[in-house]
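Peer 1: Okay, here's the prediction I keep looking at, along with the sequence it came from:
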Amino acid sequence: MHKLFILSLAVALSAWSCTFLVDFEEEAGTPEDCTNFMDDDGDGYVDCNDQDCQDRPDCQFKFEICDNQLDDDENGYVDCEDPACSMQEVCWQEAPLCNDVISDGQIAMYSMVYADTPTMCEEWLECRIDRYGSDGVPRCVRTGPVAGMFEPCNNDLECPYGFICAWSEVLSFGEGGVPRDVCLPLCSNLLNIGCPETLMCFNLISVYDPYQASGQSEVTVTACDRPYCAVLDNLGLGTGCDGQEAACYPAPDMMGQAYCEPKGNGGPRAPCSTNSDCLPRHVCLEGFDGDARMCQRVCQTSDDCGIGTVIECVKRPEWTTYGVCADAFTD
């Protein structure tokens, strides 16, 4: 009898614990709005198509069935034309591809996903990357109202045309300090599609694209993001590093992210092991011919290299944001 009581108590406590965990997760998530054409809770279902909304009076008899040729929710859009269906597999599999790429032999990037570039989509459709509801390969789709730049998002289609929903080391902290993905504008150094001021084109995402005829199935997508600090401070706003002992140095991939590190004093060609061995506006890298690591002056264009015998900003590879001055003796 005593053993039976202990077993019953354990079962009761276990059931109570499970209930508590479920309730906690529901409260911690973003509730579905049900009227804004967005997937607020990130479960792949929009408004009245979300089970959280089906008991609401304004959702009664307004559940859009995405393959019956009817406007079930009476919003003027039928089946896959309805934003509520944009993330359903039956719709994105049938959506036309717009996944043309440009490649330099090392990297491939989509050419039609940016807000100001021409596409092969119908006028009322947008060439969108959707890594949440589909496989991420760009397709011609219809989207509903969107979140703005740097605003929190649950999926790519909530962001404006030419944006993706992604994590940012600097910007992904919303109300209450809760980390959230945010809408970031797409960019491409390879295609010369730049970023707004104070942003750099360095947030890299890979998409597996099995439809590429060239066989290069890994496609790189880049988005504008805000670095921790400004290496060159070309806007005159300061580097963003506090104190006299710190300087802003580029991340090793030279794509645009940068970090405040202890300031060094090594000039061009000075031996180094880390950036902190070098002067500000310099970086510790291997030499052009695979020589030992040395301090080299950072640049974005040749104008950043000053006056010297060779004033060329060399980027390795050419689609990085930062390069180094070809003349190691440039002051």
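Peer 2: Structure's in. What do you need?

Peer 1: residues contacting residue 118?
Peer 2: By C-beta atoms under 8 Å, 6 or more residues apart in numbering, the contact list for residue 118 reads residue 112. Heads up, the C-betas are built off the backbone N, CA and C, glycines and all.

Peer 1: Kindly recompute the last result at 7 Å.
Peer 2: For residue 118, the contact set (C-beta atoms under 7 Å, 6 or more residues apart in numbering) is empty.

Peer 1: Residue 43 now?
Peer 2: residue 50.

Peer 1: quick check: domain ranges of the protein?
Peer 2: The record's domain parsing of the chain by automatic domain parsing lists 31-94, 95-225, 246-325.

Peer 1: Pipe the ones you listed into JSON lines and attach mean pLDDT and distance to residue 233 per row.
Peer 2: Formatted as JSON lines, the domains of the chain follow (pLDDT from 0 to 100; distance: least, C-beta to C-beta, whole Å):
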{"stretch": "domain 31-94", "mean pLDDT": "70", "distance to residue 233": "38"}
{"stretch": "domain 95-225", "mean pLDDT": "89", "distance to residue 233": "11"}
{"stretch": "domain 246-325", "mean pLDDT": "90", "distance to residue 233": "8"}
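
Peer 1: So for residue 236, which of those sits nearest?
Peer 2: Ranking these by proximity to residue 236 (C-beta to C-beta) places domain 95-225 first, at 11.3 Å.

Peer 1: Straight-line length of the closest one, end to end?
Peer 2: Start-to-end span of domain 95-225 (C-alpha to C-alpha, to the nearest Å) is 29 Å.

Peer 1: again with stretch 221-234
Peer 2: 26 Å.

Peer 1: Ok, stretch 169-181 next?
Peer 2: 10 Å.

Peer 1: which residues touch it?
Peer 2: Residues outside stretch 169-181 that contact it (C-beta under 7 Å, 6+ apart): 150, 152-153, 165-167, 182, 226, 228.

Peer 1: Throw those residues into JSON lines and include secondary structure, thanks.
Peer 2: As requested, the contacts of stretch 169-181 are arranged in JSON lines below (DSSP: H, G, I helix; E, B strand; the rest coil):
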{"residue": "150", "secondary structure": "coil"}
{"residue": "152", "secondary structure": "strand"}
{"residue": "153", "secondary structure": "coil"}
{"residue": "165", "secondary structure": "strand"}
{"residue": "166", "secondary structure": "strand"}
{"residue": "167", "secondary structure": "coil"}
{"residue": "182", "secondary structure": "strand"}
{"residue": "226", "secondary structure": "coil"}
{"residue": "228", "secondary structure": "coil"}
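
Peer 1: Same question for stretch 250-263: list its buried residues.
Peer 2: In terms of neighbour count (16 or more other C-beta atoms under 10 Å), stretch 250-263 has its buried residues at 250-251, 254-261, 263.

Peer 1: which of those lies closest to residue 324?
Peer 2: Taking C-beta to C-beta as the measure, residue 324 lies nearest residue 254 of these, at 8.4 Å.

Peer 1: Now do the strands in the stretch 51-200 of the chain.
Peer 2: 101-103, 108-110, 126-128, 139-141, 163-166, 182-187, 200-208 (DSSP state E, counting those that start in this stretch).

Peer 1: In TSV: the ones you listed, plus mean neighbour count and distance to residue 72.
Peer 2: Output for the strands of the stretch 51-200 of the chain, formatted as TSV (neighbours: other C-beta atoms under 10 Å; distance: least, C-beta to C-beta, whole Å):
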stretch	mean neighbour count	distance to residue 72
strand 101-103	15	37
strand 108-110	22	33
strand 126-128	25	23
strand 139-141	22	19
strand 163-166	26	27
strand 182-187	26	29
strand 200-208	19	32
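
Peer 1: Those strands into CSV, with extra columns for distance to residue 238?
Peer 2: Shown next, in CSV, are the strands of the stretch 51-200 of the chain (distance: least, C-beta to C-beta, whole Å):
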stretch, distance to residue 238
strand 101-103, 36
strand 108-110, 32
strand 126-128, 37
strand 139-141, 42
strand 163-166, 26
strand 182-187, 23
strand 200-208, 16
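
Peer 1: nearest to residue 268, of those strands?
Peer 2: When the strands of the stretch 51-200 of the chain are compared by C-beta to C-beta, strand 200-208 sits nearest residue 268, at 23.5 Å.

Peer 1: what's the closest one packed up against?
Peer 2: Strand 200-208 sits against strand 218-225, with contacts defined as 3 or more C-beta pairs under 7 Å, 6 or more residues apart in numbering; DSSP states H and E.

Peer 1: Show me what counts as buried in stretch 292-305.
Peer 2: 293-300, 302, 304-305.

Peer 1: From those residues, pick the one nearest residue 204.
Peer 2: residue 300 (18.0 Å).

Peer 1: In the chain, what residue spans correspond to helices?
Peer 2: Secondary structure of the chain (DSSP state H): helices located at 2-28, 89-92.

Peer 1: Comparing those helices, which yields the minimum mean pLDDT?
Peer 2: Ranked by mean pLDDT, the helices of the chain bottom out at helix 2-28, with a mean of 39.
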